[in-house]
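In: Please find the sequence and the predicted model below.
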Amino acid sequence: MPADATAGAGDGARPAAPGGADAAATGAATGVEVIRLEHVTRVFKVGDSEVRALDGVSLSVRAGEYLSLMGPSGSGKSTLLNVLGCLDTPTSGRYVLDGEPVEKLTEDQLADVRQRKIGFIFQAYHLVARMSAARNVELPMIFAGVAPAERRARAREALVAVGLGHRLDHRPDQLSGGERQRVAIARATAMRPRILLADEPTGNLDTRSGDEILALLERLNAEGLTLVVVTHDPRVGGRAQRRLRMRDGRMAEDG
Ligand SMILES: Nc1ncnc2c1ncn2[C@@H]1O[C@H](COP(=O)(O)OP(=O)(O)OP(=O)(O)O)[C@@H](O)[C@H]1O
Ligand SMILES: [Mg+2]
């Protein structure tokens with residue numbers, strides 16, 4: 001792909017806040033390749049059998065792009081997201097993230113990437129049961145060393161943005177499924193990552209809440225966030241600029 005001459009200006013220290021008013025009106029991709037997969041496979045061995053969850057996936061994503069990923073259950077969508085989020089490593093093939101081959105990163109560098117660069121909304125939310133919503137959202141910022149006053153403010157802001165300003169002190173077991181999902185979204189966005197990987201972010205929401213969450217994610221995308229959304233809902237998937245489809249571990253792109 002040809003490099004865009006304007007690419008990279010101001011890239012790297014994007015301080016976009018959820019709903020920030022000073023968002024650069026980038027909207028479109030800024031051109032820098034942030035994700036590159038080359039013939040990636042992920043093979044799981046279970047007993048004597050093998051599952052080729054990813055079977056030669058290649059992909060190039062530029063900063064600021066908005067992609068959806070659809071496909072039947074078991075086709076490899078979550079596996080792909082885990083690889084993209086550096087939570088799992090390919091069995092073979094190459095993953096280049098922000099120009100760096102991931103296999104060359106040290107454990108510390110990987111941890112830093114997961115903490116600062118990539119936000120993850122999991123299919124199962126992975127909230128800490130004994131902590132309040134606000135504390136759950138603060139948690140990654142605690143690990144990242146964000147000062148207490150700032151992280152409390154950012155947690156509140158992120159929870160307000162997902163419509164949970166009135167549930168800050170509720171624990172996950174005191175929240176509905178959709179509310180838990182929104183806490184997970186707030187947790188991912190509060191860290192202000194450059195790449196957000198969302199596994200069924202609207203899967204447990206009614207149409208209206210789902211639309212609000214998508215609008216929030218799309219606003220962050222308009223501010224420059226690279227967004228990948230896994231969904232079973234064609235209406236959700238159809239909103240992305242690029243639509244990817246998985247089937248039996250292989251990927252194809254619509255259009
Ligand atoms: N840790 C694992 N060990 C063995 N097999 C696995 C593992 N994780 C996933 N698989 C298998 O890999 C395939 C892809 O799984 P994956 O979770 O990526 O599917 P998916 O597309 O996300 O499905 P869904 O829409 O149901 O979430 C499935 O056949 C699954 O059974
Ligand atoms: Mg999945």
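Out: Right, received. Where do you want to start? Ligands and ions are numbered 1, 2, ... in the order given.

In: When you work out contacts or count neighbours from here on, use the C-alpha atoms and nothing else.
Out: Fine.

In: So Asn204 sits against Ser176, correct?
Out: No - applying Cα atoms under 8 Å, one finds Asn204 not in contact with Ser176, separated by 9.6 Å.

In: and these two? which has more neighbours close in?
Out: Asn204 (17 against 12; other Cα atoms under 10 Å).

In: Is Arg245 located within a strand, as I assumed?
Out: Yes - counting by DSSP: H, G, I helix; E, B strand; the rest coil, Arg245 is part of a strand.

In: Quick check: the gap between it and Glu200.
Out: The gap separating Arg245 from Glu200 is 14 Å, by Cα to Cα, to the nearest Å.

In: With Met141 instead?
Out: 23 Å.

In: Ramachandran coordinates for the residue minimising distance to the centre of the chain?
Out: Centroid check for the chain by Cα atoms, centre = their mean gives Leu197 as the closest residue, at 1.7 Å. Phi and psi for Leu197, reported as degrees, to the nearest 10, are phi -110, psi 120.

In: and it, how far is that from ligand 1?
Out: Note on Leu197: its distance to ligand 1, by Cα to the nearest ligand atom, to the nearest Å, is 13 Å.

In: Glu218 too?
Out: 22 Å.

In: Wait, Gly178 touches Thr207, no?
Out: No - between Gly178 and Thr207 there is no contact, the gap being 11.2 Å when judged by Cα under 8 Å.

In: if you count what's nearby, which of the two comes out ahead?
Out: Between Gly178 and Thr207, Gly178 has the larger neighbour count (other Cα under 10 Å), namely 17 against 11.

In: how about that one, what does it touch?
Out: Neighbouring residues of Gly178 by Cα atoms under 8 Å, 6 or more residues apart in numbering: Asn204, Leu205.

In: ok, now Thr231?
Out: Ser68, Leu69, Met70, Asp199, Glu200, Pro201, Thr202, Gly203, Gly237.

In: Which pLDDT does the model give the third one?
Out: Taken from the predicted model, the pLDDT recorded for Met70 is 98.

In: Tell me how many other residues crowd it.
Out: Neighbours of Met70 using other Cα under 10 Å come to 26.

In: give me the beta-bridge partners of it?
Out: Arg245 (DSSP bridges).

In: Next one: it from His170, what distance?
Out: Taking Cα to Cα, one finds Met70 at 33 Å from His170.

In: now Arg114
Out: 26 Å.

In: can you check Leu164 too?
Out: On the measure of Cα to Cα, Leu164 and His170 end up 10 Å apart.

In: quick one, which of these two is more surrounded?
Out: The neighbour comparison of Leu164 against His170 (other Cα under 10 Å) goes to Leu164, with 20 against 16.
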